[in-house]
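In: structure of the sequence below:
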Amino acid sequence: MPIKIIEGLPVKNRLLEENIYTIEASRALTQDIRPLRILVLNLMPKKEETELHLLRLLGNTPLQIDIEFLYMSSHHSKNTPTSHLQKYYNSFEEIENQRFDGMIVTGAPIEKLDFDDVDYIEELRRILDWAQTHVYSRFFICWGAQFALNHYFGIKKTTLPNKLFGIFDYSNLKPEHPFLRGFDDIFKVPQSRHTSVDKTALKNTEGLDILSAHPEFGPDIMATKNQRDLFIFGHLEYERETLKTEYDRDIAATNNIDLPRNYFPEDNPDNDPVFSWKSHGHLLFNNWINETYQNTYYNLTEMDNH
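Out: Alright, predicted model coming up:
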């Protein structure tokens, strides 16, 4: 079934070309089923690129999903026109009295900054506290996952000696877990980050299950014991060319950039990358959507009593 989007969202035509089905609000009003309400807090500078990545995955489900986008009003975006934010995004003040089945918090290219040095960090803390009572299920990606683990559990962020950049094999530690339903024992995950978190603290946090890990880089996918919070440091939402775009951008800025590992065939950037993580990206998002659908309240105001 389609995802419901705001009337006229520019990426709609791109999604239709790829057979990702969408439905605008006026059409959705004629249907009798209740859609899942998903809030996307998009912290990435190029909003439309991230919209495409996420909507491609959220649209691959038989459920109707009502998407709302959220931006940080305490931050001025240099890469996305204000007109786009005003037309297609909400400020927190506009949605804080609403309730949602799920929320996705993206990564952000600010990982080298201390959390307290991020200009919108107080607004983000307020949103994460609000989400505990107004959102049934939460999904945090990359920097968003690092910050959420710090905010909820006090787990500290650490700087890596070298950027973790490429495609890496991760082990499925809990194949019986609903978020990893259908996952292979070993699966590939794109990584693009300068930071990690305190691995010992992560493993010693009683409220968390570690679902996947790399022998050198440590845990990657985690969930709270009650399965209402999902965290991933990698980027299963990335497209085939995303790491290439990042590599080309960095090369244009400086020559001191390593090739993304295990990405270009024969380590030749002129070769087309192999898309080796696509199916697991769809699996993770579908599993999260399914668990949210199966467990959320039909009447979202019932969250007030739980």
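
In: lowest-pLDDT helix or strand in the chain?
Out: Least confident helix or strand, the chain: helix 25-28 with a mean of 61, by mean pLDDT, DSSP states H and E.

In: for whichever helix or strand comes after that one, which strands pair with it and how are they oriented?
Out: Tracing the chain past helix 25-28, the next element assigned as helix or strand by DSSP states H and E is strand 36-41. Note on strand 36-41: by DSSP bridges, its sheet partners are strand 65-70 (parallel), strand 100-105 (parallel).

In: can you dump the C-alpha atoms of strand 36-41 in CSV for me?
Out: Provided in CSV are the C-alpha atoms of strand 36-41 (Å, rounded to 0.1, in the frame of the first residue of the first chain):
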residue,chain,number,x,y,z
LEU,A,36,0.7,4.4,10.7
ARG,A,37,1.9,7.9,11.6
ILE,A,38,5.6,8.2,11.1
LEU,A,39,7.6,11.4,12.0
VAL,A,40,11.0,11.8,10.3
LEU,A,41,13.4,14.2,12.1
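
In: gap between Ile67 and His235?
Out: Distance, Ile67 to His235, by CB to CB, to the nearest Å: 20 Å. C-betas here are computed from N, CA, C, even on glycine.

In: average pLDDT across the helix or strand hosting Leu16?
Out: Assessed by DSSP H and E, Leu16 sits inside helix 12-17. Across helix 12-17, pLDDT averages out at 80.

In: before we move on, what about stretch 80-97?
Out: 86.

In: again with stretch 294-306
Out: Mean predicted lDDT for stretch 294-306 stands at 73.

In: CA-only coordinates of it in PDB, if you can.
Out: Output of stretch 294-306 as PDB, limited to C-alpha atoms (Å, rounded to 0.1, in the frame of the first residue of the first chain):
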ATOM      1  CA  GLN A 294       1.700  -5.000  15.500                       C
ATOM      2  CA  ASN A 295       2.200  -3.300  18.900                       C
ATOM      3  CA  THR A 296       1.200   0.300  18.700                       C
ATOM      4  CA  TYR A 297      -2.100   1.500  20.100                       C
ATOM      5  CA  TYR A 298      -5.000   2.000  17.600                       C
ATOM      6  CA  ASN A 299      -5.900   5.000  19.600                       C
ATOM      7  CA  LEU A 300      -2.600   6.800  20.200                       C
ATOM      8  CA  THR A 301      -3.900   8.800  23.100                       C
ATOM      9  CA  GLU A 302      -3.800   5.500  25.100                       C
ATOM     10  CA  MET A 303       0.000   6.100  25.400                       C
ATOM     11  CA  ASP A 304      -0.900   8.500  28.100                       C
ATOM     12  CA  ASN A 305      -1.600   5.600  30.400                       C
ATOM     13  CA  HIS A 306       1.400   3.500  29.600                       C
END
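
In: hmm, who's touching it?
Out: Arg34, Leu36, Arg37, Arg99, Phe100, Asp101, Gly102, Thr133, His134, Tyr136, Ser137, Gln227 (CB atoms under 8 Å, 6 or more residues apart in numbering).

In: next: stretch 266-275.
Out: Outside stretch 266-275, the residues that touch it by CB under 8 Å, 6+ apart are Glu239, Arg240, Glu241, Leu243, Lys244, Tyr247, Leu259, Tyr263, Phe264, Pro265.

In: how far does that stretch stretch from start to finish?
Out: 15 Å (CA to CA, to the nearest Å).

In: ditto for stretch 215-233
Out: 15 Å.

In: ok so, going back, for ChimeraX, write a command that selects the buried ones of the contacts of stretch 294-306.
Out: For the buried members of these, the matching ChimeraX selection, counting by 16 or more other CB atoms under 10 Å, is:
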select :36,37,99,100,101,102,134,136,137,227
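
In: hey, where'd the strands end up in the stretch 201-306 of the chain?
Out: Along the stretch 201-306 of the chain, counting by DSSP state E, counting those that start in this stretch, strands occupy 208-210, 212-214, 218-219, 221-224, 229-232.

In: out of those strands, deepest packed?
Out: strand 229-232 (a mean of 26; mean count of other CB atoms under 10 Å).

In: shaky segments in the stretch 151-300 of the chain?
Out: Scanning the stretch 151-300 of the chain for pLDDT under 70 picks out 255.

In: same thing but at 50, please
Out: Nowhere does the stretch 151-300 of the chain drop to pLDDT under 50.

In: how about the helices in the stretch 51-200 of the chain?
Out: 82-88, 92-95, 121-134, 143-153, 199-203 (DSSP state H, counting those that start in this stretch).

In: helices or strands up against the first one?
Out: Just to be clear, that refers to helix 82-88. For helix 82-88, the elements it packs on are helix 47-58, judged by 3 or more CB pairs under 8 Å, 6 or more residues apart in numbering; DSSP states H and E.
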